[in-house]
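# structure for the following, please:
(4 chains)
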Protein chains: 2
Amino acid sequence: MKEGPDIALLGSLIGDPARANILMALLSGKALTATELAAEASVTLQTTSSHLKKLEAGGLLHRRKQGRHKYFTLADDDVGSLLESMLGFAAKKGHTRVRTGPKDPALRNARVCYNHLAGEMGVQMLDSLIRYEHIIGVDTELTLSDQGISFVELLGIDPEALKKPRRPVCKSCLDWSARRSHLAGTLGTELLNRFYSLGWAKRDEGSRIVTFTPKGSTQFQAHFPI
Amino acid sequence: MKEGPDIALLGSLIGDPARANILMALLSGKALTATELAAEASVTLQTTSSHLKKLEAGGLLHRRKQGRHKYFTLADDDVGSLLESMLGFAAKKGHTRVRTGPKDPALRNARVCYNHLAGEMGVQMLDSLIRYEHIIGVDTELTLSDQGISFVELLGIDPEALKKPRRPVCKSCLDWSARRSHLAGTLGTELLNRFYSLGWAKRDEGSRIVTFTPKGSTQFQAHFPI
DNA sequence: TTCATACTTCGATCCTAATCGAAGCATTAA
DNA sequence: TTAATGCTTCGATTAGGATCGAAGTATGAA
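Numbering: from 1, shown residues only, chains lettered A, B, ... in the order given. Next up is the predicted model:
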């Protein structure tokens, strides 16, 4: 009964509303300062500072110094995955926040999940990649096929640049809104970056919503058909 | 920022040590009474009662009346999956309980995860099933192939009996000790039950450990080779 | 009916942890 | 150096919730 990992510590870290707000804000993938996070969490800077310390000690956050600012990000992809799976569970159980604003549909359509594309479009992308055998999926282990390599090159992504230490190229991540998987990993990250630089999509400042341009939408459908 | 599901509620439910102990005890898959759970959590019956009420309201637990006993189980497979993924995360981040007892190696080898086999043997089983194409895996979606159906029949499992409303036949579940997936779903449950009834394995009373008999171990290796 | 078991509710206590004001430290700009 | 910004530490307060004793309810056994 006293065996194994300690799940209570993790739960209590996420269980405080202020800390949950901080984590949700960072799930956007952007690095944020303590002051910005304080505003997100609606608590003072002092309180935020103490929360950030605890989250960092728990291995959930990463702190980067830059000038007189300190930027915080989620520690790694695992944190993002964990948060998304908790979001999925909470959504299914009806643990919804009071205010499900007008942004909700847009959020379900396309949003940032830490550093890759989530929502219906994210799910469609992974489905399409698997359907056309650009990605071969066995269980949660996804691998880029030979034709998949050609495919990403066509999009202007260097396949060699995807190989990074301690990060998988392809990884599946459960989507809370669609209850299906979308693509994470270095490929997921690079694809989203590419959508930005190709002008297909833009980040909605201050939220996790990704807005596709009309042209970008057409291109996306052409490259990732259902 | 105030959009989407409420993750803090979920976190705080799991974040209390007593409640975490209760959930861990139920992860064994056994239905336990309030009195038994009180012993597991090392708190009085009154306190346990209040915890159980909260966990049930949060959709994590299910309560079944039977005579003057009230049996508690995890609400569904999703709860088990969520807990295992939190366990995996906590293990990776080094959030381990003080006492990692002598049972730890046995626990890593073969244990019960809610209602199916987990640990190294659980992972080996799923690997083998996929390798010999008894199960076809695309992403987290696993399906039993035609030869897989013959295979389970050979083991004395009726494939028709696996079809249950609102439960997938095959499902992958992340393993906290092996950091790989093992098999959940009705098939996972039935296979473990079959191991028991064939006399291959026995439950270690009072823990989640599954002990294979020498004969059972040989049979297991023969049926699920690496 | 009477008693026992299993659990819940109530009420009081106690303790942790979240919160914020004030002061301190660090970095940059002028 | 001085001033300003960004963040941390300290200390005191407060609130929420975990805890348990005592009493109450429900079910079953004798």
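# could I get the pLDDT score of residue A:97?
At residue A:97, the predicted lDDT confidence score is 66.
# meant to ask about residue A:138, not that
64.
# over to residue A:190?
At residue A:190, pLDDT is 94.
# once you drop chain neighbours, what's closest to it?
Leaving aside its sequence neighbours, residue A:190 sits nearest to residue A:157 (Cβ to Cβ, 6 or more residues apart in numbering or on different chains; 5.2 Å). Heads up, the C-betas are built off the backbone N, CA and C, glycines and all.
# am I right that the one you found falls within a strand?
No. Judged by DSSP: H, G, I helix; E, B strand; the rest coil, residue A:157 forms no part of a strand; its state is coil.
# gap between stretch A:167-187 and the chain center?
Relative to the mean C-alpha coordinate of its chain, stretch A:167-187 is positioned 8 Å out (Cα atoms, centre = their mean, to the nearest Å).
# and what about residue A:117, helix, strand or coil?
strand.
# could you point out the helix or strand that follows the worst-scoring helix or strand of chain A on mean pLDDT?
None of the helices or strands of chain A scores lower by mean pLDDT, DSSP states H and E than helix A:104-109, at a mean of 74. Following helix A:104-109 in sequence order, the next helix or strand is strand A:111-113 (DSSP states H and E).
# so what does that next one touch, helix or strand wise?
strand A:116-118 (3 or more Cβ pairs under 8 Å, 6 or more residues apart in numbering or on different chains; DSSP states H and E).
# tell me the helices and strands packed up against the helix or strand that the strand it packs on is followed by.
Using DSSP H and E, the helix or strand that directly follows strand A:116-118 along the chain is helix A:120-131. Helix A:120-131 sits against helix A:104-109, strand A:135-138, strand A:181-184, helix A:214-223, with contacts defined as 3+ Cβ pairs under 8 Å, 6+ apart.
# name the residues of chain A found near DNA strand C, please.
Chain A comes close to DNA strand C at residues A:12, A:16-18, A:43-44, A:46-47, A:50-51, A:54, A:67-68, as judged by Cβ under 7 Å from any atom of the strand.
# also near chain B: which of the residues you listed, exactly?
A:12, A:16-17 (Cβ under 8 Å from any Cβ of the partner chain).
# which stretches of chain A form helices?
Counting by DSSP state H, chain A has helices at residues A:7-15, A:17-26, A:34-41, A:45-57, A:77-92, A:104-109, A:120-131, A:146-154, A:185-197, A:214-223.
# closest one to residue B:167 among those?
Closest of those to residue B:167 is helix A:77-92, at 14.3 Å (criterion: Cβ to Cβ).
# and of the ones next to chain B among the residues of chain A next to DNA strand C, the nearest to residue B:223?
Residue B:223 lies nearest to residue A:12 out of these, by Cβ to Cβ, at 42.4 Å.
# how much space is there between the closest one and residue A:141?
Using Cβ to Cβ, to the nearest Å, we find residue A:12 at a distance of 32 Å from residue A:141.
# the two: which has the busier surroundings?
Taking neighbours as other Cβ atoms under 10 Å in any protein chain shown, residue A:12 and residue A:141 compare with residue A:12 leading, 20 against 17.
# give me the domain ranges for chain A.
Domain ranges of chain A: A:7-75, A:79-96+A:103-223, per automatic domain parsing.
# tell me, which of the ones you listed is the model least confident about?
Looking over the domains of chain A, mean pLDDT reaches its minimum on domain A:79-96+A:103-223, with a mean of 86.
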